[in-house]
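Engineer: sharing a model prediction with you, sequence too.
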Amino acid sequence: MKEQLARNISIYRKERGMTQEELAQVLGLSPQAVSKWENAQTMPDISLLPALSRTLKVSIDKLLGYVSQDRTITIYEEEYKTQEYYWGTVPNQICYQVLQSMPPIQHIKLLDIGCGEGKDSVFFARNGYDVTAFDVSDAGIEKTKRLADQFGVHVDVFKADILDYRLESNFDILFSSGVLHYIKPDFRKEIFDNYKQYTNQNGIHILNVFVNKPFIAPPPEKEPNAFKWYSGELLAYYQDWYIKDSSEVVFDCNSSGIPHKHAMTKMMAQKISALD
């Protein structure tokens, strides 16, 4: 818990645009005290938690890591509450790239980051991968479990916010489709450093991200927690990895019932040890 609380204090302090010195001043403490919290050297006294919660504008439960959100993050929470699968149950085409690049001929741990209703997670589990998945939507998690049960496979799925969650154990494959725009620019380097650190040697990341283009109109969905990416930005976080595949595509979409277009960067990168 100490490490998670330390990380959360740092994350939410930065979200408020506060320095360690400014947070310390509000709480009547020394900057060194806040620094020790964020380095997990010490923990705040329990009597300080209400003031810390008010200052950072986040619940005590969320600070301590007991819940993944205290406000609506995604517009799809309501969409996922229907009986039907909003995105269908056919896996994303890039799932087949995973099968080709690292087939499950041995035990392979795969993490689906932002699994939505679980169509890709369940596809991977059906093909023999050891699948862990998370999403911020309660309805999406329940539908992932339901779909896994329908096909008689297991997916270790749990609720987490992509901004809060950090890996603490290793995976062979990290997969994410249509989710990374929820990561605020200020947190991208830290989050991708964490993802890379907890990837096994020769492991792969298969990711895509919507990119901003001046000749494509903004999507009709009004997502308050979506943040722009730019061409080449995703690749910049993997300059020390082997880029097995990278492309940028423009495609038609009708997800909201209103025809529109998206531009998307797709990337597959592999972790390879440096030469001595």
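Structural biologist: That came in fine, so what should we check first?
Engineer: which residues does residue 199 form a beta bridge with?
Structural biologist: Judged by DSSP bridges, the bridge partners of residue 199 are residue 171.
Engineer: who's in contact with it?
Structural biologist: 170-172, 174, 205, 271 (CB atoms under 8 Å, 6 or more residues apart in numbering). For glycine as for every other residue, the C-beta is placed from the backbone atoms N, C-alpha and C.
Engineer: could you pull up the mean pLDDT of stretch 41-57?
Structural biologist: Averaging pLDDT along stretch 41-57 yields 89.
Engineer: about what we covered before: list just the nearest of the contacts of residue 199 to residue 57.
Structural biologist: residue 174 (30.3 Å; CB to CB).
Engineer: for the closest one, identify the helix or strand it belongs to.
Structural biologist: If you go by DSSP states H and E, residue 174 is part of strand 171-176.
Engineer: same question for that strand, mean pLDDT?
Structural biologist: On average, strand 171-176 scores 98.
Engineer: neighbouring contacts of that strand?
Structural biologist: With contact meaning CB under 8 Å, 6+ apart, strand 171-176 is reached by 94-95, 98, 102, 108-114, 120, 124, 129, 132, 195, 198-200, 203-208.
Engineer: run through who's touching the helix or strand following it.
Structural biologist: Moving toward the C-terminus from strand 171-176, the next helix or strand (DSSP H and E) is helix 188-197. By CB under 8 Å, 6+ apart, the surrounding residues in contact with helix 188-197 are 162-163, 166-167, 174, 183, 205, 237-238, 241, 271.
Engineer: go with 10 Å
Structural biologist: The contact list for helix 188-197, computed with CB atoms under 10 Å, 6 or more residues apart in numbering, reads 7, 10-11, 14, 111, 113, 162-168, 170-171, 174, 176, 180, 183-184, 203, 205, 207, 227, 229, 233-234, 236-238, 240-241, 269, 271.
Engineer: now residue 148: closest residue in space that isn't a chain neighbour?
Structural biologist: Nearest non-adjacent residue to residue 148, counting by CB to CB, 6 or more residues apart in numbering: residue 155, 4.6 Å away.
Engineer: residue 57 too?
Structural biologist: residue 16 (6.6 Å).
Engineer: run through the chain and note the low-pLDDT ranges.
Structural biologist: Applying pLDDT under 70 to the chain flags the ranges 1, 66-74, 275-276.
Engineer: ok, residue 226 to residue 93 distance?
Structural biologist: Taking CB to CB, to the nearest Å as the measure, residue 226 falls 23 Å from residue 93.
Engineer: okay, the two: which has more neighbours?
Structural biologist: residue 226 (17 against 9; other CB atoms under 10 Å).
Engineer: tell me which element the more buried one falls in.
Structural biologist: Applying DSSP H and E, one finds residue 226 in no helix or strand.
Engineer: show me the contacts for the nearest residue to it once chain neighbours are set aside.
Structural biologist: Nearest residue to residue 226, sequence neighbours excluded (CB to CB, 6+ apart): residue 181, at 4.7 Å. By CB under 10 Å, 6+ apart, the contact set of residue 181 is 114, 162, 209-212, 223, 225-229.
Engineer: okay if I get those residues as a markdown table plus secondary structure?
Structural biologist: Shown next, in a markdown table, are the contacts of residue 181 (DSSP: H, G, I helix; E, B strand; the rest coil):
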| residue | secondary structure |
| --- | --- |
| 114 | coil |
| 162 | coil |
| 209 | strand |
| 210 | strand |
| 211 | coil |
| 212 | coil |
| 223 | coil |
| 225 | coil |
| 226 | coil |
| 227 | coil |
| 228 | coil |
| 229 | coil |
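Engineer: what about burial for the residues you listed, which qualify?
Structural biologist: Buried residues within the contacts of residue 181, counting neighbours by 16 or more other CB atoms under 10 Å: 114, 162, 209-211, 225-227, 229.
Engineer: just the closest of those residues to residue 55, please.
Structural biologist: residue 225 (21.5 Å).
Engineer: wouldn't that closest one be in contact with residue 77 here?
Structural biologist: No - counting by CB atoms under 10 Å, residue 225 stays clear of residue 77, with 11.6 Å between them.
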